[in-house]
Structures are given as C-alpha cells and as structure tokens.
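Chemist: Fold the following and give me the result.
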Amino acid sequence: MEYLSSNSQINAIQAQHPRYKVGVATTSVQKRIANAVNEPTYLYAPVKIIGEIKVINLKAESLENALYHALAKYQLNVDITIGNGRIVNPREWSVVDFDTIQEIAQKIVAQLQSEV
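Modeler: Numbering: from 1, shown residues only. Model (predicted):
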C-alpha cells in the first residue's frame, strides 16, 4: 500500500523514495484498509493498494515475520506526529521501490512453500 496523506514529516521522505506498507491480511485487502484514516497502522491517512500476492497453504504470521525481517534495512525509522498530536512509529512501512518489495516477497513465498 502507498501512503496518501499530506503529513509533511512523511512526505519529506517521499522525496527520496516512495513509502509502502507490507503486511498480511486474512480478509480482503479492501476490507482491511476500509478504515485506514482512523487507524495508526495506516498513519491515520488513506492508502492505495499497489499490489497483492495471493498465498495459500502458508502461515500468515510466518510470512509476515519473514517479510519484515527481509525488509528491515528499508524500514521507515522515524517518529511521526499525527494530526491528533499522537506520536507513532510506523515500523510496518518500507522506504524502497515497489519492484524490490515484490522481488523479496516472491522469494520468501517460494522458500516458505518449498518447506511445506
């Protein structure tokens, strides 16, 4: 997902690279992001779905943990003050191009599926 807010702290990072949230949803992604503007996970802002990988026969937690570990060096590492004054640490967001995320995710899925 791509962040669509006008938060100046985050948009300063956008000048260098786009920001993407990577995660696992056990429901439809559309349903998961329906309330994004009210959730700290999405930094209280709308998001746009950029891509999905449908995976079956894998534990969602294992896939998500592997993704976060593999993307750790791209992790958005900043404290952001949201409109309501709350400070959030958006650790689920990566500052890297989408092709890199997609390549990493596909490798992880292939590896996990070969272990099943």
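
Chemist: So which residue is dead centre in this protein?
Modeler: residue 21 (1.4 Å; Cα atoms, centre = their mean).

Chemist: Help me confirm that it comes into contact with residue 96.
Modeler: No: contact criterion Cβ atoms under 8 Å: residue 21 and residue 96 do not qualify, at 11.9 Å. Just so you know, the C-beta spots here come from the backbone N, C-alpha and C atoms, and that holds for glycine as well.

Chemist: Now do the same contact list for residue 77.
Modeler: Contacts for residue 77 (Cβ atoms under 8 Å, 6 or more residues apart in numbering) come out as residue 91.

Chemist: secondary structure element for it?
Modeler: Counting by DSSP states H and E, no helix or strand carries residue 77.

Chemist: Next, it: phi, psi?
Modeler: Backbone torsions of residue 77, given as degrees, to the nearest 10, read phi -120, psi 80.

Chemist: how far away is it from residue 44?
Modeler: 19 Å (Cβ to Cβ, to the nearest Å).

Chemist: cool, residue 96 as well?
Modeler: Separation of residue 96 from residue 44 (Cβ to Cβ) stands at 23 Å.

Chemist: just residue 106 next, same as before
Modeler: Taking Cβ to Cβ, one finds residue 106 at 31 Å from residue 44.

Chemist: No more questions from me, cheers.
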